[in-house]
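[1] Got a predicted structure here, sequence first:
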Amino acid sequence: MQQCVEKYLKAYLVFNSKEFRKTHNIAELIDLCKDIDSELDKLYEINAHELTIYASEIRYPDDFHMPTRDEAKECIQIATDVKNLIAEKLPKK
């Protein structure tokens, strides 16, 4: 779900011609998105930034981490909320 959120945020930045460095840090991407639209501060309220840990620490760990069912459900909900919020900010066809 981290990759999903990362791609939505990066797509929003690209759509708005906002440059960004190569990163998996969700908080950094949220801050750049907030520069375009301050309402995207809501991304912090839905804890999107907390998904950054899944970018590498859990994907390439020394000890494999198996998320719990509740953890997975929470991540899916966050990704869905991010998708919906970003979709509201993009023009309709």
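    Perfect, thanks for sending it.
[2] List phi and psi for residue 16.
    When read as degrees, to the nearest 10, the backbone of residue 16 gives phi -100, psi 10.
[3] how about the nearest residue to it, chain neighbours excluded?
    For residue 16, ignoring the flanking residues on the chain, the nearest one in space by C-beta to C-beta, 6 or more residues apart in numbering is residue 36 at 4.9 Å. For glycine as for every other residue, the C-beta is placed from the backbone atoms N, C-alpha and C.
[4] any idea how far that neighbour lies from residue 27?
    16 Å (C-beta to C-beta, to the nearest Å).
[5] surely the residue nearest to residue 16 meets residue 20?
    No - judged on C-beta atoms under 8 Å, residue 36 makes no contact with residue 20 at a distance of 11.3 Å.
[6] Overlap of the contact sets of these two?
    Common neighbours of residue 36 and residue 20 are listed as residue 13 (criterion: C-beta atoms under 8 Å, 6 or more residues apart in numbering).
[7] list the buried ones in the helix or strand containing residue 9?
    Following DSSP states H and E, one finds residue 9 within helix 2-15. Neighbour counts over helix 2-15 (16 or more other C-beta atoms under 10 Å) mark 2, 4, 5, 6, 8, 9, 10, 12, 13 as buried.
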